[in-house]
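>>> Here is my input, please return the structure:
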Amino acid sequence: MTGLKIAIAVMTTLIVVGIAVIGVTIARRLSSLPAGTSAPISLDQPAGTHIVSLASTPDRLAVLVQGGGPDRILLLDPKTFKQLGEVQVSH
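Numbering: from 1, shown residues only. Reported below is the predicted structural model:
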């Protein structure tokens, strides 16, 4: 009977520790998301600029914008939304 009580205590402890590890892992992964991804993103473009279309790959986000100057394609990092480059589109 004593062996059964010890086994139950050990298994209960393992379950509690396992749930704590899962909770800590979820909290760390949520806190490692890029800051401000839920807030509006500013592309620092001139007034009157508007987004026409988007295209994405696993490592790039291409944003076609018009207005505020010549048409251009902004190349962004999809994880941080930092601008990696700009291509001006000529007509």
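>>> Only C-alpha atoms from now on, for both contacts and neighbour counts.
Will do.
>>> Is the residue nearest the centre of the chain part of a helix or strand, or is it coil?
Taking CA atoms, centre = their mean, the centroid of the chain lies closest to residue 79, which sits 4.9 Å from it. With DSSP: H, G, I helix; E, B strand; the rest coil as the basis, residue 79 sits in coil.
>>> Report the separation between it and residue 61.
Distance of residue 79 to residue 61, computed by CA to CA, to the nearest Å: 9 Å.
>>> pLDDT below threshold where in this structure?
Applying pLDDT under 70 to the chain flags residues 32-39, 91.
>>> Sketch out the helices for it, chain order is fine.
Counting by DSSP state H, one finds helices in the chain at the ranges 2-31.
>>> how does it divide into domains?
Split into domains by automatic domain parsing, the chain comes to 1-32, 50-88.
>>> Is it possible to get TSV of those domains that adds distance to residue 40?
Converted to TSV, the domains of the chain look like this (distance: least, CA to CA, whole Å):
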stretch	distance to residue 40
domain 1-32	19
domain 50-88	11
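>>> which one of those domains has the most crowded surroundings?
domain 50-88 (a mean of 15; mean count of other CA atoms under 10 Å).
>>> Pairing-wise in the sheet, spell out the partners of residue 76.
residue 61, residue 83 (DSSP bridges).
>>> wait, doesn't it sit right on residue 60?
Yes. Contact criterion CA atoms under 8 Å: residue 76 and residue 60 qualify, at 5.7 Å.
>>> For the residue nearest to the centre of the chain, what are phi and psi?
phi -90, psi -40 (degrees, to the nearest 10).
>>> Check the gap between it and residue 14 for me.
Residue 79 is 36 Å from residue 14, by CA to CA.
>>> re the thing from before, would you check how far apart the residue nearest to the centre of the chain and residue 8 are?
45 Å.
>>> Then residue 80?
Counting by CA to CA, the separation of residue 80 from residue 8 is 47 Å.
>>> Residue 65: what's its closest spatial neighbour, skipping adjacent residues?
Leaving aside its chain neighbours, residue 65 sits nearest to residue 51 (4.5 Å; criterion: CA to CA, 6 or more residues apart in numbering).
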